[in-house]
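Participant: Model the following, please.
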Amino acid sequence: MDGSKLSLDELKDRFSEIKPALSKREASIEANRCLYCFDAPCIAACPTSIDVPTFIHKISTDNVLGAATTILEANLLAATCSRVCPVEELCEGACVLGTDHKPIEIGRLQRYAMDYLYDRDLMPLTTAPPNGKKVAVIGAGPAGLSCAGELAKLGYQVTVLEKQNLPGGLSTYGIVVMREPIRIALEEVEFVKKLGVEIKTGVEVGKDISAKDLLEQYDAVFIATGMGKVPDLGIPGEDLSGVSEALSFIAETKLAEKEGLERLSKLPVGRRVAVIGAGNTAIDAATIAKRLGADNVTIVYRRSAEEMPAYDFEYEFIKNEGVEFRFLSQPLEILGENGQVSGLRCDKMQLGEPGDDGRHQVSPVPNSEFTLECDQVIKAIGQEKLLELFAAFELELKRGYVKVDETLRSSNPQVFAGGDCIRAGGLAMTVTATEDGKIAAKSIHNWLLETTS
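Facilitator: Predicted coordinates:
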């Protein structure tokens, strides 16, 4: 495999944000379409309960800083969420104008307000005086940053520990640049730091500092680690050249956007690419491969289209990109020639009875084996659970995820958790992780008030 054969100008065009920013005039026109509903359904549909009609009304009166402040009071990661939230499923999907007219473009209006704030380096939020309490946050993704920022506003000394070189979690490394440039993720990190949060990168809990030390040195701990590495498929051929996993493939494009498109032009991409999995990460990896110049990209998924984890609008988007699908197909072996991927041997599958998670069980169709020609295989089959870390804090688990109560407190009363590491069920979204951070911050605050009163 070679790097992309596209010119730097072509790469810049293909990896620009899908939805352009609104101009001042466009934002004003769109904001004035809003009906400013009483008991607005868009607020109820937002996991962070942003007061949508209020911030839109402020945009309509050219009080953009006021709009941004209203948004930030509910969601500190609003610049990211304005770009990556599945608004079609959430606020815009609930808009009353969507019944007979086009729903208000809430996401783009939110982005307009947040871009205004960051472009001018403004800080509209205030923090309480230091209260002498210390909280450690493990993981600098959306849940961790949200919790850290909310606690800092309340006067806590917060230290965020992040094992990666750059903070921001999936916003920095795992969301394609066409949806969120890495610049936005890092700007949000700097915003949280201005609230007084300390962020230490390159620090891995269990390696550079122990769980025991954290529990002794801090009054409370919030675990917001997300998940671990992509697991092996457990089939022959995974060691061949041309096999990679989706998150590192996506991360390369994010870092290239930060360091220069020359790095992106050197990212290896095959002529025929197979992506195994059908979640949003698989969709992103397939999009990147196609936009880097692959002739053919095929998503291989062992279940049906109705059961794929990706959102419906993502499915429609990727089909328009020219990506093909092989549903009900189970990889058996990655084939190779001279150490390089040459194909993917698969079985056709058939649906059986629903399992405990509601999805149908699958089984092979007898004598249905086929080979998909490809020279690159990208794995997007989920991530491993961080069982060693959870064990170090002696946490009770549920199906490998941290078990928490409605306040996000774990079985260890000093430890709270949120984000993907608690998502044993339901959708794992940036906006739900952000809300977890808010809930945990409030719970930690209330608990520490009780224990010191």
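
Participant: Now do the phi/psi pair for residue 200.
Facilitator: Dihedral pair for residue 200: phi -110, psi 120, per degrees, to the nearest 10.

Participant: Just the pLDDT for it.
Facilitator: pLDDT for residue 200: 98.

Participant: So residue 33 versus residue 88, what's the distance?
Facilitator: Residue 33 sits 17 Å away from residue 88, going by CB to CB, to the nearest Å. Any C-beta I mention is one placed from the backbone N, CA and C, and that applies to glycine too.

Participant: List the first helix or strand encountered after the helix or strand encompassing residue 65 toward the C-terminus.
Facilitator: Element membership of residue 65 [criterion: DSSP states H and E] is helix 64-72. Reading on from helix 64-72 to the C-terminus, the next helix or strand found by DSSP H and E is helix 78-84.

Participant: Which strands and helices lie in contact with whichever helix or strand comes after that next one?
Facilitator: Using DSSP H and E, the helix or strand that directly follows helix 78-84 along the chain is helix 91-94. Other helices and strands packing on helix 91-94, by 3 or more CB pairs under 8 Å, 6 or more residues apart in numbering; DSSP states H and E, are helix 41-45, helix 106-119.

Participant: looking at those helices, which is buried most?
Facilitator: Across these, averaging neighbours per residue (mean count of other CB atoms under 10 Å) puts helix 106-119 on top, at a mean of 22.

Participant: what's the following helix or strand after that helix?
Facilitator: For helix 106-119, the succeeding helix or strand toward the C-terminus, using DSSP H and E, is strand 134-138.

Participant: List the pairing partners of that next one within its sheet, with orientation.
Facilitator: strand 157-162 (parallel), strand 220-223 (parallel) (DSSP bridges).

Participant: Of all those strands, which one is nearest residue 11?
Facilitator: Closest approach to residue 11 among the strands paired with strand 134-138 is made by strand 157-162 (28.9 Å; CB to CB).

Participant: That closest one: how far from the chain's middle?
Facilitator: Relative to the chain's own centre, strand 157-162 is displaced by 20 Å; criterion: CA atoms, centre = their mean, to the nearest Å.

Participant: got the buried residues for that strand?
Facilitator: Buried residues in strand 157-162, counted by 16 or more other CB atoms under 10 Å: 157, 158, 159, 160, 161, 162.

Participant: List the contacts of the helix or strand containing residue 290.
Facilitator: Element membership for residue 290 (DSSP H and E) is helix 280-291. Identification of contacts with helix 280-291 by CB atoms under 8 Å, 6 or more residues apart in numbering yields 14-15, 174-176, 178-179, 246-247, 249-250, 253, 269-270, 273, 275-276, 297, 299, 301, 309-311, 314-315, 317-318, 321-323, 376, 378, 380.

Participant: Out of those residues, which sit inside strands?
Facilitator: Mapping the contacts of helix 280-291 onto strands (DSSP state E) picks out 269, 273, 275, 276, 297, 299, 376, 378.

Participant: picking that back up, okay, the angle between the helix holding residue 290 and strand 272-276?
Facilitator: Inter-element angle recorded for helix 280-291 and strand 272-276: 170 degrees (by axes from the mean of the first three to the mean of the last three CA atoms, to 10 degrees).

Participant: Take helix 280-291, keep the C-alpha atoms, and write them as CSV.
Facilitator: C-alpha atoms of helix 280-291 as CSV (Å, rounded to 0.1, in the frame of the first residue of the first chain):
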residue,chain,number,x,y,z
ASN,A,280,-20.0,5.0,13.9
THR,A,281,-16.3,4.4,14.1
ALA,A,282,-16.5,1.9,11.2
ILE,A,283,-18.4,4.6,9.2
ASP,A,284,-15.7,7.1,10.0
ALA,A,285,-12.9,4.8,9.0
ALA,A,286,-14.7,3.9,5.7
THR,A,287,-15.2,7.6,5.0
ILE,A,288,-11.6,8.3,5.5
ALA,A,289,-10.4,5.5,3.3
LYS,A,290,-12.8,6.6,0.5
ARG,A,291,-11.7,10.2,0.7
